[in-house]
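Novice: Sharing a model that was predicted from the sequence below.
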Amino acid sequence: MSIHSSAVIAEGARIPKSCTIGPYCTIGAEVELGEECTLISHVVIDGRTRIGARNIFYPFGSIGLAPQDLKYTGEPTETEIGDGNTIRECVTISRGTNGGGGITRLGSGNLLMAYVHIGHDSHVGSNCILANNATLAGHVTIEDHVTLGAFCPVHQHCTLGVYSFIGGGTIVTQDVLPFSLTASKRENRAFGINKIGLERRGFTPERLQKLQKAYRLLLAAKLNTTQAVEKMRALIGEDAAGDDVALLVNFIERSKRGVIK
């Protein structure tokens, strides 16, 4: 095990021999690290925090500390992080609150760029990119394969749908449609599917064409959302469980804050 002499590790912390703990890092008693994690320097990890394997933490990160919530009174809530994440400089991830389910969760294979904040009780999926200064208020859900641009604040209780791309500087106050390219000019708008991003993820031309038809009904036809959803149902194949349009329709119907169109 490589632990710098200036690191402070509380008794009870669980750290495998394959981990590297750099200068001036502080690790609390209830922290559990997975294999081959690296803390470069000046990283603070505290609280009931479980971290998977092969994560890299850059300097001045704050992981698992108390949430920025005035209702929090020190109850034993949690933070959970998966495998293979890159967490850059000055990232903050707050632990959960009793009122929000008690856990803040980050999946696997994510890139969190400098100064990203993940607020209490937020759940971020896997293979996401959160660019510099992206900020999640409490109770935000980000599904898998999402790209959130720089300087994007996300309002409490919003959901960002799978494979969506949100342009830099967009203030997100409603749910972001799956597969969409959403950005802000004078107001937030969805501009259709995230075609380049989906192609890079291996979507076939047939899948893209079907999604484009659904988005034309939703964004370009002179239909309200309810009418568009009814027409979109005709595009759903026999296997609704694996159908992109079915996923999109389900996302719209369960949205609590409304969707950005």
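Specialist: Yep, it's here.
Novice: beta partners of the most centrally placed residue in the chain?
Specialist: With distances taken as Cα atoms, centre = their mean, the residue of the chain nearest its centroid is residue 124 (2.9 Å). Listed beta-bridge partners, residue 124: residue 106, residue 142 (assigned using DSSP bridges).
Novice: ok, now which ones touch residue 141?
Specialist: 122-123, 158-160 (Cβ atoms under 8 Å, 6 or more residues apart in numbering). C-beta: built from backbone N, CA, C; applies to glycine.
Novice: Residue 43 against residue 56, yeah?
Specialist: No. Counting by Cβ atoms under 8 Å, residue 43 stays clear of residue 56, with 10.1 Å between them.
Novice: of those two, who's got more company?
Specialist: residue 43 (25 against 15; other Cβ atoms under 10 Å).
Novice: Please report how far residue 144 lies from residue 201.
Specialist: Residue 144 sits 10 Å away from residue 201, going by Cβ to Cβ, to the nearest Å.
Novice: ok, how many other residues are close to residue 91?
Specialist: Residue 91 sits with 23 neighbouring residues when counted by other Cβ under 10 Å.
Novice: I misspoke; the intended subject was residue 239.
Specialist: Using other Cβ under 10 Å as the criterion, residue 239 is surrounded by 8 other residues.
Novice: try the one 10 residues further on
Specialist: Each residue near residue 249 was counted by other Cβ under 10 Å, and the total is 22.
Novice: same deal with residue 80?
Specialist: Close neighbours of residue 80, defined as other Cβ under 10 Å, add up to 19.
Novice: That one and residue 226: what is the separation?
Specialist: If you measure residue 80 against residue 226 using Cβ to Cβ, the figure is 37 Å.
Novice: cool, residue 92 as well?
Specialist: In this view, residue 92 and residue 226 are 40 Å apart by Cβ to Cβ.
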